[in-house]
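In: Structure here, sequence nowhere to be found:
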Ligand code: MN
């Protein structure tokens, strides 16, 4: 590519002027000075670097700054940081240089952006999900870092043609997977749509083109339709002296694609390909009143569908979105969505974050983004688990529709659709969640797993004696609650394991076995546990009992040492099961929350083995395939076919808690009931779920529902209970 430097310089100068002209925020003289300095520095720093397409590199930061200035509408500080976003990473300029020239704030934002781009180049971290987590961790407290990063990604997506195809697909999937949901959550709806459409263009080019062409073809019909619609309303709207614009709003190519895919329908059957927007002028104190006035005019002419009324004015989305949405039976008997918004609401919907700040002083409703970012930070800090798990959960939260509920004092809280009463407790405060004993919804005590509805009023009852329990994970849906529960369970497991370690040491001593690392390793092999903690924990809760330890001891003393040593060296798993003491760890693969058993085969790309973290993928012809979570294909499957992913995990069927029902009969001795319950509750590993005693003329029947970790413990309990005076018979139901 031959470039005339003079023409190029002229173009750079032209672009710069345009950047200042299109800024959404009013720029003061000192703002312009700062941007000029950032621009000069960037030009100087990037020198004659060029992009793959051949054009001067500086065009890229200018374009990113333009997106930031116009489309997103951020301030001069952000525009300057956008101009400098690649300087520290790609040129000889250091962060100190930037700080000296531009000051603290710009330097801090550039630093965040540099950290993110460094991650990509770190060869040791191959997993995108882990990158994502780290990226969010670099957010610190400046949301501008992530917004500029999104703008950077948008421009890269707009100019991807010069890249090799495999890179295009990779970048596009990553965009769909991470950046589009983030943009959505921050309220940058237009940016999100553009990112998704561009991603589709590269991941499924034919599909993209065919939908795009069809959308073009239907444009004219759509415009006629909107005109017809407007005609019905204009007279009356004008009579009310309302100033307004009626516009059509097409669904994005990607959303049409999604709808076709999910509902398995052709393009022609997607009926809500566009919505109609009524944007009206009105002062802040009258805008709600006007919205309902327009609503009433519209519904005078067209029948509304009452199930599809959305009042985001009384309760804005947590992204800050406000509008009144209705769906009516419009001209030609077609259902059409009408979005009613004031100018102010429209601006917020278009510009998102930046517009909030402009209007903030007028009415400071909780914006939500800051508190969301705080939450996010907390979740990230608490998270200890697998990165893919984390991203999956996190994405669920990004896209989930919201419900609105109330605290006892009447404060409004927003939670994702499907959130339970316990999620609410964790949303209020970590400590409240952890200590939740009961929850009242609308003054009635409900199970912690109760799914909440918009409008519910919720009161959490706490108790100092309560600790998070494992079954809570079966129903909470927010990543915040999950991660807090998981980390406190881990802590507790660790504590129990410490106890178990001491118990085991004593028991081994009694069995005359030296307790050292070698012995522990032999035990891990013998019992098929994954790590020491597991072993100690089982000892502590009694699921590894004396009988089993004796069996180990006899092998140990029978100088099977050589045998074990050989096993350890060859690392081959312990297969032969000569007696029933060996508890294989991961012997059952289950799917979904309900732990369903389904038929499956293993994927050949990553060949997972029992015990690995895995997920199921529904293939077109070959049923469910099990992939390793770290499989090289995992992310692309997850980003492109999220709806075909099945959660699955390996469990140890022998350690599952199971419920048992005991039926006791006997003579009604004084205090017997008391003694029975005391005996059961003194046993640390058994929980009473329900208990019922009936007595009839000195003859009593008792029915007790229990949770027990294994059969041995249950048998022991039955033995002890039958020794009590008065008990005649105990049967398991
Ligand atoms: Mn860049």
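Out: Cool, got the structure. Being a predicted model, the structure only gives us computed values, none of them experimental. Numbering: from 1, shown residues only.
In: only C-alpha atoms for contact and neighbour calcs from this point on.
Out: Noted.
In: Residue 460 - that's part of a helix, no?
Out: No: per DSSP: H, G, I helix; E, B strand; the rest coil, residue 460 lies outside any helix segment and is strand.
In: Verify the contact between it and residue 440 for me.
Out: Yes: using C-alpha atoms under 8 Å, residue 460 makes contact with residue 440 at a distance of 6.4 Å.
In: So these two - more neighbours on which side?
Out: Legend: neighbour count by other C-alpha atoms under 10 Å for residue 460 and residue 440, higher for residue 460 (23 against 18).
In: Look at the more buried one and report its pLDDT.
Out: Per-residue confidence at residue 460 stands at 93 (pLDDT).
In: before we move on, what about residue 91?
Out: Confidence score, pLDDT, at residue 91: 91.
In: List the contacts of it.
Out: When the contact criterion is C-alpha atoms under 8 Å, 6 or more residues apart in numbering, the partners of residue 91 are 45, 46.
In: For it, give me phi and psi.
Out: Dihedral pair for residue 91: phi -130, psi 180, per degrees, to the nearest 10.
In: Neighbours of residue 168, how many?
Out: 19.
In: now the helix or strand where it lies: mean pLDDT?
Out: Using DSSP states H and E, residue 168 falls within helix 165-174. The pLDDT scores in helix 165-174 average 82.
In: elements contacting that helix?
Out: In terms of contacts (3 or more C-alpha pairs under 8 Å, 6 or more residues apart in numbering; DSSP states H and E), helix 165-174 is packed against helix 189-203, helix 634-640.
In: and it with helix 189-203, angle?
Out: 150 degrees (axes from the mean of the first three to the mean of the last three C-alpha atoms, to 10 degrees).
In: For stretch 644-653, which outside residues touch it?
Out: With C-alpha under 8 Å, 6+ apart, stretch 644-653 has contacts from 584-593, 595, 610-619, 637-638.
In: Give me the buried positions along it.
Out: 645, 646, 648, 649, 650, 651 (16 or more other C-alpha atoms under 10 Å).
In: Reduced to three states, what does the third one come out as?
Out: Using three-state DSSP, the three-state assignment for residue 648 comes out as strand.
In: Just the terminal-to-terminal distance for stretch 435-453.
Out: 23 Å (C-alpha to C-alpha, to the nearest Å).
In: ok now that stretch, how far from the chain's centre?
Out: Centroid separation for stretch 435-453 versus its chain: 23 Å, with C-alpha atoms, centre = their mean, to the nearest Å.
In: Show residues contacting it.
Out: Contacts of stretch 435-453 (C-alpha under 8 Å, 6+ apart): 403-405, 418-422, 425, 456-468, 472, 475-476.
In: Show the buried residues in those.
Out: 403-405, 418-422, 425, 456-460, 462, 467-468, 472, 475-476.
In: Now intersect those with the strands, please.
Out: 403, 404, 405, 458, 459, 460, 462 (DSSP state E).
In: And the next helix or strand past the worst-scoring helix or strand of the chain on mean pLDDT?
Out: Ranked by mean pLDDT, DSSP states H and E, the helix or strand of the chain with the weakest confidence is helix 561-570, at a mean of 51. As assigned by DSSP H and E, the chain's next helix or strand after helix 561-570 is strand 588-591.
In: Given the next helix or strand after that following strand, what are its sheet partners and their directions?
Out: Following strand 588-591 in sequence order, the next helix or strand is strand 600-602 (DSSP H and E). Paired neighbours of strand 600-602 in the sheet (DSSP bridges): strand 624-628 (parallel).
In: Just the element for residue 315, please.
Out: Judged by DSSP H and E, residue 315 forms part of no helix or strand.
In: do you know how far residue 610 is from residue 628?
Out: 10 Å.
In: Neighbour count: these two, which is higher?
Out: Using other C-alpha under 10 Å as the criterion, residue 610 and residue 628 rank with residue 628 on top: 20 against 14.
In: my read: that one touches residue 612, true?
Out: Yes: when contacts are counted by C-alpha under 8 Å, residue 628 is listed as touching residue 612 (6.7 Å).
In: Tell me where the stretch 351-500 of the chain has strands.
Out: Per DSSP state E, counting those that start in this stretch, the stretch 351-500 of the chain carries strands over the ranges 402-406, 412-416, 436-441, 444-446, 458-462.
In: Now render these as TSV, adding distance to residue 168.
Out: Formatted as TSV, those follow (distance: least, C-alpha to C-alpha, whole Å):
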stretch	distance to residue 168
strand 402-406	33
strand 412-416	33
strand 436-441	48
strand 444-446	51
strand 458-462	48
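In: what's near enough to touch residue 92?
Out: residue 45.
In: let's see 10 Å
Out: If you count contacts by C-alpha atoms under 10 Å, 6 or more residues apart in numbering, residue 92 has them with 45, 46.
In: Show me the shaky parts of the stretch 201-350 of the chain.
Out: Scanning the stretch 201-350 of the chain with the threshold set as pLDDT under 70 gives 318-319.
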